[in-house]
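# Sequence first, predicted model second:
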Amino acid sequence: MFNPVRLNLKSSLRRYSTAINRRHIEDEGDWFYSSEWWNSGSSNSRTVFREVSDTGNGVVSVLAHPSSKPDRSYWPKTERWLEQRHAELFPGSKHEGEFRVIGYEWRTLHFNDYTRESTVKILAARNEKEPGSLCFMQQAHCLAVPYVKSMVSAGLATILLSNGDLVKNAVRSKQNMNILCIGHGGGSLPLFLASKIPGAIVHTVEIDPTVISASIQAMGFPAYSVMTSSGKRVYPKPNPLDKLLWKGTHERLLLFNSDAEKFVLESTDMYDIIFIDAYDGEDIFPHKLWEPNSPFLRNLGDRLHPDHGTVVVNLHTDADFVEDDSLSQPGLSSLPMGRHVSKVCGAYKYALLGKGSSGNGFAYTVSVPWVCNTSLVVCRGFVGPEESSISNLVLNSLLSKALEVEKLVEMPFSCLQYIKGGFTLV
């Protein structure tokens, strides 16, 4: 969950500020477009999914909102792409050239009508000659929520710093990168990672089956990803629409309906990077996912690669802040850590790096632009100095890697602003 706020950021590393605008980046998920989907009470919004959760999330709903991008001039290009994919999969079909884009919409996931959990953009299209062919395709390249961009930017820059060959080989499909996402929401994070990194195998754990249903039925997440408790696909074969839309990406997504603690305790998989975004219907980060002596944290380290494993956690900022009009970059935040965030950071650092953390590994937090969130990153495999006097040296290394990530992964947005704001070594 996230809340908007207008804040500023003191630019401690001005030589990087111009790099953010070094080229035009067309980002359909830019915060500029948030006004299109933020107001759930708008007369242009409508409810497309609504069910009561049995796992404590209350009423789970999905609202649809009109999207201004891509505009209609772009739609024929999408239709040609769908026709080309159809011809590749079904050569000789009589229905080539019959695909029509119905439109693009924002879809927002809510708990109890007030907690906004996720935002995605979907494409709606159909084959004119095939009844029932209406499909929703989540736009994998579009990350609308700043804290998700922060998690991706910080996580990939950090693991690139720790093991650059792994990331480069995964992008080139020469090596698998094993990723775990705890908390699914609408699925934008796992879908973005699987789409942008051809070697990524992404496991996602979601405790609420109603959330899983909402993401598939109303938010365009591929149904083929859903797994049974025995570790097999719910659907043994992807349907033709999955093949048409996802071109293999859906085969690298595995979505488990499970409690995170249970999953971590029972799993034998080793992950290169783990993303955790697991707030419940009351907008609370469950204690069992961050208490120092909890079974979850005690076993999380066993699931993390010992040499370069990285964990990224989305947290709500819980400290008071003061807007400073003298700061130089509008829209960016630098927020202090409150008691709750400090406890979570300490618990994760201790559990994953050990008491004192004198060996390899380091941990840091960054403030998320535009919203009151903090990203915590804990990394193994990189010797992280503790002295505050060299904090900028670590930050410079991360910013350099962030630029590499942008080019390597072909990011639709700049990673720099999601790493430099409020950077603090834990």
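Received the coordinates, thanks. Numbers count the residues shown, from 1 in each chain.
# The closest residue to residue 42 other than its chain neighbours pairs with what?
Setting aside the residues directly before and after it, residue 42 is nearest to residue 65 in space (C-beta to C-beta, 6 or more residues apart in numbering), at 6.9 Å. Heads up, the C-betas are built off the backbone N, CA and C, glycines and all. On the basis of DSSP bridges, residue 65 is bridged to residue 106.
# Quick check: buried residues in stretch 246-264?
Along stretch 246-264, these residues count as buried under the neighbour rule (16 or more other C-beta atoms under 10 Å): 246, 249-261, 263-264.
# Now the phi/psi pair for the most centrally placed residue in the chain, please.
Nearest residue to the geometric centre of the chain (C-alpha atoms, centre = their mean): residue 189, 2.6 Å. Residue 189 has phi and psi values of phi -70, psi -60 when expressed as degrees, to the nearest 10.
# Report the contact partners of it.
Taking C-beta atoms under 8 Å, 6 or more residues apart in numbering as the contact definition, residue 189 lies against 143, 148, 151-152, 181, 275, 277.
# do the same with residue 374
With C-beta under 8 Å, 6+ apart as the criterion, the residues that contact residue 374 are 314-317, 335, 337, 341, 365-368, 422.
# Secondary structure, neighbour count and pLDDT for those residues - can I get that in CSV?
As requested, these are arranged in CSV below (DSSP: H, G, I helix; E, B strand; the rest coil; neighbours: other C-beta atoms under 10 Å; pLDDT from 0 to 100):
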residue, secondary structure, neighbour count, pLDDT
314, strand, 24, 96
315, strand, 25, 94
316, strand, 20, 86
317, coil, 23, 74
335, coil, 23, 44
337, coil, 21, 57
341, helix, 22, 86
365, strand, 23, 95
366, strand, 27, 95
367, strand, 26, 94
368, coil, 28, 94
422, coil, 24, 90
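# So the residue nearest to residue 42 sits against residue 47, correct?
No - using C-beta atoms under 8 Å, residue 65 makes no contact with residue 47, being 11.1 Å away.
# State the pair within the contacts of residue 189 that is farthest apart.
Using C-beta to C-beta, these span at most 13.5 Å, a distance reached by 143 and 181.
# Okay, strands next: where are they in the stretch 51-200 of the chain?
Listed in chain order, the strands of the stretch 51-200 of the chain (DSSP state E, counting those that start in this stretch) span residues 59-66, 99-111, 115-127, 135-138, 177-182, 200-206.
# If you could redo that for the stretch 251-400 of the chain, that was the one I meant.
Shown for the stretch 251-400 of the chain, the strands assigned by DSSP E, counting those that start in this stretch span residues 253-257, 273-276, 310-316, 329-330, 362-367, 373-379.
# between the ones you listed, which gets the lowest average pLDDT?
Among those, strand 329-330 carries the lowest mean pLDDT, a mean of 37.
# any weak-confidence spans in the protein?
For the chain, the stretches flagged by pLDDT under 70 are 1-25, 93-97, 318-338, 355-359, 382-390.
# circling back to that earlier point, now do the contacts for the residue nearest to residue 42.
With contacts defined as C-beta under 8 Å, 6+ apart, the neighbours of residue 65 are 36-37, 42, 44-45, 105-108.
# and which of those residues is nearest residue 170?
Within the contacts of residue 65, distances to residue 170 taken as C-beta to C-beta reach their minimum at residue 107, with 28.7 Å.
# what's around the closest residue to the closest one other than its chain neighbours, how many residues?
Leaving out its chain neighbours, the residue that sits closest to residue 107 by C-beta to C-beta, 6+ apart is residue 219, at 4.8 Å. A count of neighbours around residue 219, defined by other C-beta atoms under 10 Å, yields 27.
# Thought residue 138 was touching residue 219, still the case?
Yes - look at residue 219 against residue 138 with C-beta under 8 Å: they come within range, at 6.0 Å.
# Overlap in contacts, the two.
Taking C-beta under 8 Å, 6+ apart as the contact criterion, the residues that touch both residue 219 and residue 138 are 120, 122, 186-187.
# now the residues you listed: which count as buried?
Buried residues within those, defined by neighbour count using 16+ other C-beta under 10 Å: 120, 122, 186-187.
# Could you export these as CSV, including distance to residue 208?
Formatted as CSV, those follow (distance: C-beta to C-beta, whole Å):
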residue, distance to residue 208
120, 17
122, 20
186, 13
187, 13
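# Those: which two are farthest apart?
Among these, the pair separated by the greatest distance (C-beta to C-beta) is 122 and 187, at 11.1 Å.
# overlap in contacts of these two?
Taking C-beta under 8 Å, 6+ apart as the contact criterion, the common neighbours of residue 122 and residue 187 are 138, 219.
# Relative to residue 115, which of the contacts of residue 374 is nearest.
The closest of these to residue 115 turns out to be residue 316 (C-beta to C-beta; 11.5 Å).
# correct me, but the closest one touches residue 375?
No - if you go by C-beta under 8 Å, residue 316 and residue 375 don't touch, sitting 11.3 Å apart.
# What's the PyMOL syntax to select whichever of the contacts of residue 65 are buried?
This is the PyMOL syntax for the buried subset of the contacts of residue 65, where burial follows 16+ other C-beta under 10 Å:
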select buried, resi 36+37+45+105+106+107+108
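# any idea which of the contacts of residue 65 is closest to residue 72?
Using C-beta to C-beta, residue 105 comes nearest to residue 72 of those, at 14.0 Å.
# Count the residues that sit near the closest residue to the closest one other than its chain neighbours.
Using C-beta to C-beta, 6+ apart and skipping residues adjacent in sequence, the residue nearest residue 105 is residue 64, 4.9 Å away. Residues within reach of residue 64, counting by other C-beta under 10 Å, total 20.
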